[in-house]
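K.L.:
From the sequence below, what's the structure:
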Amino acid sequence: MSWTLDVVAASGRQDKGGSAFVVFEVRCATDAGSAWSVFRRYAQFAALHKELAVAATPYPGVAVPTLPKRRLLGSSVEPAFVERRRGALAVRWARAVARTTAAVRRHRTTTDPREDRP
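P.N.:
Next up is the predicted model:
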């Protein structure tokens, strides 16, 4: 089974203290017809990135998607910046999922481990 991931939307929100932040809608779907959305902040993408980088260390050739840079000056909830970040997250994470799906498929179908080289 393969699946896809797309960062389809971003919306501004405020925490209880009144600080603004952005939540990204991540839509996931399988080729079996299941689909769902989850909502994540940039910090959650950063935490996942860190976790994947550690997990991928013993596996050369495993691609961990890069993250768009944090904004040092200006508002991180400014609409043009948020849209650029959403687009960058969508492209980078969709590629990573596609590569992972292909690697899993290759792993499941390869009978000789010597054939499964990067």
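
K.L.:
which residues of this structure fall in helices?
P.N.:
Listed from the start of the chain, the chain has helices (DSSP state H) covering 42-56, 79-109.

K.L.:
Can you give me the buried ones in the shortest one?
P.N.:
If I follow you right, that is helix 42-56. Of the residues in helix 42-56, those with enough neighbours to count as buried (16 or more other Cβ atoms under 10 Å) are 42, 45, 49, 52. Every residue, glycine included, has its C-beta placed from N, CA and C.

K.L.:
on that earlier part again, which stretch among the helices of the chain comes nearest residue 19?
P.N.:
Evaluated over these, closeness to residue 19 peaks at helix 42-56, with 12.9 Å, by Cβ to Cβ.

K.L.:
who touches the closest one?
P.N.:
The list of residues contacting helix 42-56 from outside it, by Cβ atoms under 8 Å, 6 or more residues apart in numbering, reads 22, 24, 62-67, 70, 76, 85, 89, 93.

K.L.:
Narrow the residues you listed to those that are buried.
P.N.:
By neighbour count, with 16+ other Cβ under 10 Å, the contacts of helix 42-56 hold 22, 24, 62, 64, 65, 67, 85, 89, 93 as buried.

K.L.:
residues contacting the fifth one?
P.N.:
So that's residue 65. Residues in contact with residue 65 (Cβ under 8 Å, 6+ apart) are 49, 52, 92, 93, 95, 96.

K.L.:
how about the nearest residue to the last one, chain neighbours excluded?
P.N.:
The shortest distance from residue 96 to any non-neighbouring residue, by Cβ to Cβ, 6 or more residues apart in numbering, is to residue 65 (4.1 Å).

K.L.:
quick one: that neighbour from residue 91, how far?
P.N.:
Separation of residue 65 from residue 91 (Cβ to Cβ, to the nearest Å): 9 Å.

K.L.:
Much appreciated, bye for now.
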